[in-house]
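Visitor: Show me how the following folds:
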Amino acid sequence: MKPAPAQSHTEKKHNWTTATVLGLILSVLGLVGLIELRPQIEVSPLEELRKEDAFSAPFRIHNAGYLSIHIQQVVCTDSEVKIGILVSRNNIYIYGPASDTWLRRGESETIFCTISKARMRPSSADISIHIFYRAWIVPYTLHNSSRFVGAYGDRWDWLQQPSTR
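Guide: Below is the predicted model:
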């Protein structure tokens with residue numbers, strides 16, 4: 001019987017063709033582009049309009065991204081608001097005027113979260129602003145949540161907190 005021919009072990013060489021290199025470069029650039037083009041919504045509190053009313057402070061919704069966004073609905077919720085001996089929890093306030101609004105790059109919209117209509121200042125408050133929106137090329141609704149806790153200084157201030165969702 002004849003012995004089997006010896007198989008030579010040759011290492012496979014990778015050929016970096018122009019098409020392979022170009023494909024990798026375009027993939028990386030595309031990924032960076034997608035990350036940079038993602039919707040970027042910033043929510044920031046403004047100074048209260050009436051000193052005696054903490055909920056008279058408007059909030060500014062700002063489109064910091066490159067693409068236009070369509071705000072479908074803005075919802076304000078409270079985790080807990082204490083006014084005197086009253087404690088309010090888990091209420092929802094749907095803000096109508098900002099709903100169905102387009103924000104182009106760099107544009108802003110001002111909203112109010114009038115969760116409480118009491119004329120007394122709260123001793124503490126923890127609220128969230130939820131923005132449901134669609135981006136220009138994204139086929140489904142996106143959600144942005146910003147949380148604020150009220151605190152006294154010289155005046156009532158809304159301090160941004162990490163979102164709990």
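Visitor: Tell me where this structure has strands.
Guide: For the chain, the strands defined by DSSP state E occupy 41-45, 58-63, 69-83, 86-88, 91-95, 101-103, 108-112, 124-135, 142-152, 156-161.
Visitor: can you tell which of those strands is closest to residue 25?
Guide: Proximity to residue 25 (Cβ to Cβ) singles out strand 124-135 among these, at 26.0 Å. Placement of C-beta: from N, CA and C, glycine included.
Visitor: how deep is residue 143 tucked in, by neighbour count?
Guide: For residue 143, the neighbour count with other Cβ atoms under 10 Å is 11.
Visitor: so it touches residue 130, yeah?
Guide: Yes: in this structure residue 143 lies within contact range of residue 130 using Cβ atoms under 8 Å: 6.5 Å.
Visitor: picking up where we left off before, I'd like the strands of the chain written out as TSV, with mean pLDDT added.
Guide: Shown next, in TSV, are the strands of the chain (pLDDT from 0 to 100):
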stretch	mean pLDDT
strand 41-45	92
strand 58-63	92
strand 69-83	87
strand 86-88	83
strand 91-95	79
strand 101-103	86
strand 108-112	90
strand 124-135	89
strand 142-152	87
strand 156-161	87
